[in-house]
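# compute the structure for the input listed below.
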Amino acid sequence: MKGKFPVKKFQEIGTPFYYYDTDLLRLTLKTINEEAGHYENFCVHYAVKANANPLLLRIIRQAGLGADCVSGGEIEVAIKAGFTPDKIVYAGVGKSDWEINIGLDNDIFCFNVESVPELEVINELASKKGKVARVAFRLNPNVGAHTHANITTGLAENKFGIAMRDVESIIDHAAELKNVRFVGLHFHIGSQILDMGDFQALCNRINELQDQLERRHVTIEHINVGGGLGIDYEHPNRVPVPNFKAYFDTYARHLKLRPGQTLHFELGRAVVGQCGSLITRTLYVKESAVKKFAIVDAGFTDLIRPALYQAYHKIENITSEDATETYDVVGPICESTDVFAKQIDLNKTSRGDLLAIRSAGAYGEIMASQYNCRQLPKGYLSDDL
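Just a heads-up that it's a prediction; the model follows:
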């Protein structure tokens, strides 16, 4: 089954471009709020790095989610989109001074701190402003995740977070600093995770740590477990909304929250991944001695995931109903890695046909570049077409 697209309107728009199904986005947000809403102490932030299209941000903000930012620029676009500072968290392994100052100037809810030197810089900058910054410590729980090696973040070998063995010393150090206030712990083990057992393993590690800290009479106000919930790239039509019920229920069952604690989530891909498609036009169909190529006008400058992660995206010819043939779908960039898919079946494809590269709402438009002096793709909402 193909996705539903306003093909006639697409014919009038220059390709490549991103198309966002806002009805699906709103359904996804409604599902998130319903499933998280079963637990009064669950707070969901949207990970802006997945897609910072301002029109999408407005819809997400209207649904009541907070914002998870990983740069000063993301803080700025989140505030411009209407997210209130008291629902903005700021993570990132390399926060520069100007970015920290943006967070301080806007009195954001929390800095997720990744090292002792960073903690000391935040304290110094906050002191100059006469402010006290709320901080959570991002810990590296050394929990593996069943996902691509390039998007694991919770192993000891990764650059992210503070080693578990150092948590007590950094909490003690924060208590000595006058311009930071320790409010929570932050974790994130990776992205595109579909095995709930990975999240259960994180819960077990957090439970052990909380028991350890309580023996020292250390209490935690906020626990932030990051995001990581994946989407179904193979079946975007059959499974358009991720299994948020299983995700939130896993934490509700296995994480032993203390009275009064708030549990924070930072979902990105799961929010916007399925609502977006990259629409591209077929330039040429070329046959070699061994295969047939559909050469399209989109390249890895517009969607880098297949080149970067060997990621799979379902591709549909949305203007042909002819019998299927087998193609490599490739772009125009002067790089051998500019390939969206190899040996896939598409309805017979001819010059001018429109292809939809599905499940591209996350890490698509936001990661686009101007390599080869190409123009950045535009984004269009179904509300406006």
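
# surely Arg138 is within a helix?
No - applying DSSP: H, G, I helix; E, B strand; the rest coil, one finds Arg138 to be strand, outside a helix.

# gap between the nearest residue to Val167 once chain neighbours are set aside and Ser169?
Distances taken as Cβ to Cβ, 6 or more residues apart in numbering place Leu139 nearest to Val167, at 5.9 Å, with adjacent residues excluded. For the C-beta atoms, the positions are set from N, CA and C on the backbone; glycine is no exception. Per Cβ to Cβ, to the nearest Å, Leu139 is found 12 Å from Ser169.

# now swap in Leu25 and tell me
43 Å.

# and these two? Which one has more around it.
Shown here are Leu25 and Ser169; by other Cβ atoms under 10 Å, Leu25 has more neighbours (24 against 11).

# that one: what's it in contact with?
Leu56, Ile59, Ile60, Val271, Val272, Cys275, Gly361 (Cβ atoms under 8 Å, 6 or more residues apart in numbering).

# so where's the longest helix in this protein?
Longest helix in the chain by number of residues, with DSSP state H as the criterion: helix 196-214.

# any idea of the mean pLDDT in it?
Average pLDDT, helix 196-214: 94.

# which strands or helices does the next helix or strand after it pack on?
Tracing the chain C-terminally past helix 196-214 and defining elements by DSSP states H and E, one meets strand 222-224 next. The helices and strands touching strand 222-224, judged by 3 or more Cβ pairs under 8 Å, 6 or more residues apart in numbering; DSSP states H and E, are strand 110-113, strand 180-186, strand 262-267.

# what sits up against strand 222-224?
Contacts for strand 222-224 (Cβ under 8 Å, 6+ apart): 89, 110, 112, 136, 183-187, 206, 255, 257, 261-266.

# of those residues, which qualify as buried by neighbour count?
89, 110, 112, 136, 183-187, 206, 255, 257, 261-266 (16 or more other Cβ atoms under 10 Å).

# may I have stretch 352-360 as PDB, with CA atoms only?
Output in PDB follows, covering the C-alpha atoms of stretch 352-360 (Å, rounded to 0.1, in the frame of the first residue of the first chain):
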ATOM      1  CA  GLY A 352       9.600  12.900 -14.600                       C
ATOM      2  CA  ASP A 353       8.100  10.400 -12.100                       C
ATOM      3  CA  LEU A 354       7.900  11.500  -8.500                       C
ATOM      4  CA  LEU A 355       9.400   9.200  -5.800                       C
ATOM      5  CA  ALA A 356       8.600   9.500  -2.100                       C
ATOM      6  CA  ILE A 357      11.400   8.600   0.200                       C
ATOM      7  CA  ARG A 358       9.500   7.800   3.400                       C
ATOM      8  CA  SER A 359      10.100   8.100   7.100                       C
ATOM      9  CA  ALA A 360      12.300  11.100   6.500                       C
END
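
# neighbours of Val93, how many?
Around Val93 there are 15 residues (other Cβ under 10 Å).

# quick check: closest non-adjacent residue to it.
Nearest to Val93 is Glu114, by Cβ to Cβ, 6+ apart, at 4.9 Å.

# in stretch 16-28, what counts as buried?
Pro16, Phe17, Tyr18, Tyr19, Tyr20, Asp21, Leu24, Leu25, Arg26, Thr28.

# next one: stretch 71-81
Within stretch 71-81, judged by 16+ other Cβ under 10 Å, the buried ones are Ser71, Gly72, Glu74, Ile75, Val77, Ala78, Ile79, Ala81.

# equivalent analysis for stretch 220-235, please.
Here stretch 220-235 shows 220-233 as buried, counting by 16+ other Cβ under 10 Å.

# point out where the chain drops to low pLDDT.
Applying pLDDT under 70 to the chain flags the ranges 1, 143-160.

# ok, which stretches of the stretch 201-350 of the chain are helices?
244-254, 269-272, 305-309 (DSSP state H, counting those that start in this stretch).

# which of the buried residues of stretch 220-235 sits closest to Cys334?
Closest approach between these and Cys334, by Cβ to Cβ: Tyr233, at 27.1 Å.

# quick one: that closest one from Lys9, how far?
26 Å.

# likewise Gln370?
From Gln370 to Lys9 the distance is 26 Å (Cβ to Cβ).

# neighbour count winner among the two?
Lys9 (13 against 9).

# what's the burial count for the nearest residue to that one once chain neighbours are set aside?
Nearest residue to Lys9, sequence neighbours excluded (Cβ to Cβ, 6+ apart): Leu385, at 4.9 Å. Using other Cβ under 10 Å, Leu385 has 14 neighbouring residues.

# again with Ile88
Considering only other Cβ under 10 Å, Ile88 is surrounded by 23 other residues.

# contacting residues around it?
His45, Gly66, Ala67, Asp68, Cys69, Ile75, Ala78, Ile79, Gly103, Asn106, Ile108, Phe109.

# who wins for most neighbours among those?
Within the contacts of Ile88, most neighbours by other Cβ under 10 Å means Cys69, with 31 neighbours.

# that one contacts Ala91, doesn't it?
Yes - assessed by Cβ atoms under 8 Å, Cys69 is found in contact with Ala91 at 7.4 Å.

# joint contacts of these two?
Counting by Cβ under 8 Å, 6+ apart, nothing touches both Cys69 and Ala91.

# identify the bridge partners of Thr324.
Asn347 (DSSP bridges).

# so which elements touch the lengthiest strand in the chain?
The longest strand of the chain (DSSP state E) is strand 276-287. Secondary-structure packing of strand 276-287 (3+ Cβ pairs under 8 Å, 6+ apart): strand 17-20, strand 292-296, strand 354-357.
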